[in-house]
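Enquirer: Predicted model and sequence below, questions to follow.
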Amino acid sequence: MPKFLSNRVFGFHLVLIFLFDLLLLGILAIWHWEYALIGLIILVWLFYSTYKVGNAFRKDLIDYIKTTQCRIKKAGKDVIQQLPIGIILYDEEKKIEWHNPYLNLITGEDNLIGKELNEVIPALVWEEDIQQLEIEHNFKIYNVDIHSKERLLYLTDITEYNYLLDQYEKEKTVFGIIHLDNLDEVSQGLDELSRSLLLTDVTSAISDWANALGIYLKRYAADKFLMITNQTVLEQLENSRFDILDIVREMTTDNKIPLTLSIGIGAMADSFIELGEMAQSSLDIALGRGGDQAAVKVGERLSFYGGKSNAVEKRTRVRARVISHALRDLIKESDLVLIMGHKSPDMDAIGASIGILKAVLVNEKEGYIILDEPNPMIQKLLDEVDKHEELSKYFVLPDKAIVNVSSKTLLIMVDTHKPSLTIEPKLVDVIERVVVIDHHRRGEEFVNDPVLIYMEPYASSTSELVTELLQYQSDKLEMDPLEATALLAGIVVDTKSFAFRTGYRTFEAASFLRIKGADPTLVQKLLKVDIEQYVKRTELVKKAKIIFDHIAIAVADEKLDQILIAQTADTLLNMSGVFASFVISIRHDGLVSISARSLGQINVQVIMERMGGGGHLTNAAVQLEGVTLEEAEERLIDVLKTIQDEGGILV
């Protein structure tokens, strides 16, 4: 309120009070004039004193307010002048109109008025809708708050904050577990002294490696070590691609079976408990992928390193028996069992599905195989199934199966562990109890909380695993010849007629199936190729070119089936000097497919994983979306060059 107005209001109130008191004195004077006179004198004195004190108070208050305002203005001016934040007012052409002195310290220049912002600080360039910016100038980092309407900028030095944040991130704790994959297999046949020397050499190599990097290492079992480090060291390990894997493998190459390591790493978690769980989970994944590799889980990111060697067959009948009995119990507890393989199921997926169906029927439970849009490779087998009165009624479409799902339904996934690759992913989400039986190396995607997992990358095929499980389902197992033949066909296809990825367990499984009535002649009939397909394969082989001396790449000009693409890759391996083959083609669904095969000297799984796919050391593939054949080929060659630069393609 203005001063003159406040004075008038105060005087008006005082006059009203005085007039009211005069009225009272006038009434008093009617009866006692002498008392009224005394009251009048007192009233005049009080009025005068009050008015004088009020004026003095107002004068002091106004003086105080004026002094405070001056001090505030001066303090505000000093703050702006001395504030360790750059303040800039600019015009419509982004030229500096005014700035505080701190901007001179930021730029190292004196006269800045009238200069353009990006001339003074080149990094000061932004889009209209940007409200905040982080820039670097003169080796310092600044956070820029942009107020476009006021054409005002605030520059805050966050160099030290960023340094502390970076140090905090680098010093975050990382847990790891190192596992000696095949210690028992390697030490078999060694005397106690040789075994002790082997363990001493390997332990010393791991300890020297850990000490050189500043990693705390503690051995807590004969074949396991706990490692504790930080994020900085983890980055070094990833850059070196965990060279300790190669060191240990190479130092034990003189043994009949080289000793290999698997490493599980957990990082970027909120608690030590979570870090430990992540490290154990990563180790399980590394072992599930065949070992001789490191699985690194940093937050949500999961990376793999190593995996150069082929998995060593080390399955025991004890494990097969335990898994078989657990599967039998799960089947008996279910009211319905659904069996499902991957999309476009191959002979191995169908053979394994028929084998699991046999286990369901042996335990007198209801079960069905989910099948939809089979590929041409298994059409001959499905024709044989259609002729079979009993077996044909157990194949159903996904829509029919999902209607009958209940809380006691059991889903058994075969030949895949990735829900997105199954024939009907909705079933994986709907059914609570899921069993996974697979022979592929485990990838990042996996079923949530399965009730039973039987993954053996050492096995030639899922049909081989299922055959072993069947042997423990019943003492008097009887199989129909078509059931046994389907399982044998799955093994034959995945082993290229027992030429690749075969162990003694593979031949034992084949022998068991032969005893149960498997027909090798029928297997050959099921695998016969049409002459038209054979001609297309030959034409594609003619287009192959050799790179890196031992790698064949063929690119198709027309759309081809996935089966023909894979068969061409297999054929190229028969060429002299070819260690690995890659066939690129557009499939009928529009995806660009790359099928990769090798004889074992080159790990095609690692190559395909770099491109988003996966598989085995000798058998892998990837499907690419939104790329041309030329782009796919170029990307493949870039990956091969990168791996070559990292230490060589040959393993």
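Expert: All right, it came through fine. Numbering: from 1, shown residues only.
Enquirer: pLDDT below threshold where in the stretch 401-550 of the chain?
Expert: Within the stretch 401-550 of the chain, no range satisfies pLDDT under 70.
Enquirer: please redo it, this time with the cut-off set to 80
Expert: The stretch 401-550 of the chain contains residues with pLDDT under 80 at 441-444, 458, 475, 500-501, 529-530.
Enquirer: quick one: the strands in it?
Expert: Applying DSSP state E, counting those that start in this stretch to the stretch 401-550 of the chain gives strands spanning 409-414, 433-438, 452-455, 545-547.
Enquirer: mind checking how far the residue nearest to residue 588 when sequence neighbours are not counted is from residue 553?
Expert: Once flanking residues are discounted, residue 588 sits nearest to residue 559: 5.4 Å by Cβ to Cβ, 6 or more residues apart in numbering. No exception for glycine: its C-beta is placed from N, CA and C like everyone else's. Note on residue 559: its distance to residue 553, by Cβ to Cβ, to the nearest Å, is 18 Å.
Enquirer: More neighbours: which of those two?
Expert: Higher neighbour count among residue 559 and residue 553: residue 553, with 22 against 11, using other Cβ atoms under 10 Å.
Enquirer: Assumed that one was part of a strand.
Expert: Yes. Under the criterion used here (DSSP: H, G, I helix; E, B strand; the rest coil), residue 553 sits inside a strand.
Enquirer: check which helix or strand covers the nearest residue to it once chain neighbours are set aside.
Expert: Distances taken as Cβ to Cβ, 6+ apart place residue 582 nearest to residue 553, at 4.9 Å, with adjacent residues excluded. For residue 582, the element it lies in under DSSP states H and E is strand 580-586.
Enquirer: Averaged pLDDT, that strand. What do you get?
Expert: Here strand 580-586 scores 92 as its mean pLDDT.
Enquirer: before we move on, what about stretch 562-570?
Expert: The model assigns stretch 562-570 a mean pLDDT of 83.
Enquirer: just the helices in the stretch 501-650 of the chain please.
Expert: 504-515, 520-526, 531-542, 562-572, 604-610, 629-647 (DSSP state H, counting those that start in this stretch).
Enquirer: Which strands or helices does the longest one pack on?
Expert: The reference is to helix 629-647. Counting by 3 or more Cβ pairs under 8 Å, 6 or more residues apart in numbering; DSSP states H and E, the packing neighbours recorded for helix 629-647 are strand 551-555, strand 580-586, strand 592-598, helix 604-610.
Enquirer: Equivalent analysis for the fifth one, please.
Expert: Secondary structure elements in contact with helix 604-610, counted by 3+ Cβ pairs under 8 Å, 6+ apart, are strand 592-598, strand 614-615, strand 619-624, helix 629-647.
Enquirer: of all those, which lies closest to residue 99?
Expert: With Cβ to Cβ as the criterion, residue 99 lies closest to helix 629-647 of the helices and strands packed on helix 604-610, at 48.6 Å.
Enquirer: quick one, that closest one and strand 580-586 angle?
Expert: Put simply, helix 629-647 runs at 150 degrees to strand 580-586, going by axes from the mean of the first three to the mean of the last three Cα atoms, to 10 degrees.
Enquirer: and the angle for helix 629-647 with strand 619-624?
Expert: Computed by the same axes, to 10 degrees, the angle between helix 629-647 and strand 619-624 is 130 degrees.
Enquirer: is it true that residue 296 lies in a strand?
Expert: Yes. With three-state DSSP as the criterion, residue 296 is part of a strand.
Enquirer: Nearest residue to the middle of this structure?
Expert: residue 301 (3.6 Å; Cα atoms, centre = their mean).
Enquirer: Okay, and the beta partners of it?
Expert: Here residue 301 sits in beta bridges with residue 298, going by DSSP bridges.
Enquirer: what about it, distance to residue 228?
Expert: Counting by Cβ to Cβ, the gap from residue 301 to residue 228 is 20 Å.
Enquirer: what does the domain assignment say about this protein?
Expert: The chain resolves into domains spanning 3-81, 85-163, 171-306, 317-526, 531-647 when parsed by automatic domain parsing.
Enquirer: Enumerate the positions of stretch 333-341 that are buried.
Expert: By neighbour count on 16 or more other Cβ atoms under 10 Å, the buried set for stretch 333-341 is 334, 336, 337, 338, 339, 340, 341.
Enquirer: same thing with stretch 402-415?
Expert: In stretch 402-415, counting by 16+ other Cβ under 10 Å, buried: 402, 405, 409, 410, 411, 412, 413, 414, 415.
Enquirer: so the fourth one makes contact with residue 331?
Expert: Yes. Assessed by Cβ atoms under 8 Å, residue 410 is found in contact with residue 331 at 6.6 Å.
Enquirer: Now the common contact residues for the two.
Expert: Counting by Cβ atoms under 8 Å, 6 or more residues apart in numbering, the common neighbours of residue 410 and residue 331 are residue 337.
Enquirer: How about the secondary structure of residue 141?
Expert: Taking three-state DSSP, the label given to residue 141 is strand.
Enquirer: Spatially nearest residue to it, not counting backbone neighbours?
Expert: Nearest to residue 141 is residue 159, by Cβ to Cβ, 6+ apart, at 4.8 Å.
Enquirer: residues near the one you found, how many?
Expert: Using other Cβ under 10 Å, residue 159 is surrounded by 12 other residues.
Enquirer: which regions of the stretch 101-250 of the chain lie under the pLDDT threshold?
Expert: In the stretch 101-250 of the chain (pLDDT under 80), the answer is 128, 182, 184-191.
Enquirer: Following the chain onward from whichever strand or helix holds residue 383, which element is next?
Expert: For residue 383, the host element (DSSP H and E) is helix 379-387. Downstream of helix 379-387, the next assigned helix or strand under DSSP H and E is strand 395-396.
Enquirer: returning to what we had before: what sits against the residue nearest to residue 141?
Expert: Residues in contact with residue 159 (Cβ under 8 Å, 6+ apart) are 140, 141, 142.
Enquirer: between those, which is nearest residue 432?
Expert: Nearest member of these to residue 432, counting by Cβ to Cβ, is residue 141, at 50.8 Å.
Enquirer: Tell me the bridge partners for that closest one.
Expert: Per DSSP bridges, the residues bridged to residue 141 are residue 136.
Enquirer: Run through the bridge partners of residue 615.
Expert: Listed beta-bridge partners, residue 615: residue 620 (assigned using DSSP bridges).
Enquirer: now it: how far from residue 518?
Expert: From residue 615 across to residue 518, the span is 27 Å (Cβ to Cβ).
Enquirer: again with residue 186
Expert: Distance from residue 186 to residue 518, by Cβ to Cβ: 35 Å.
Enquirer: The two: which is more packed in?
Expert: residue 518 (25 against 22).
Enquirer: Correct me if wrong: the more buried one contacts residue 488.
Expert: Yes. With contact defined as Cβ under 8 Å, residue 518 counts as touching residue 488 (4.1 Å).
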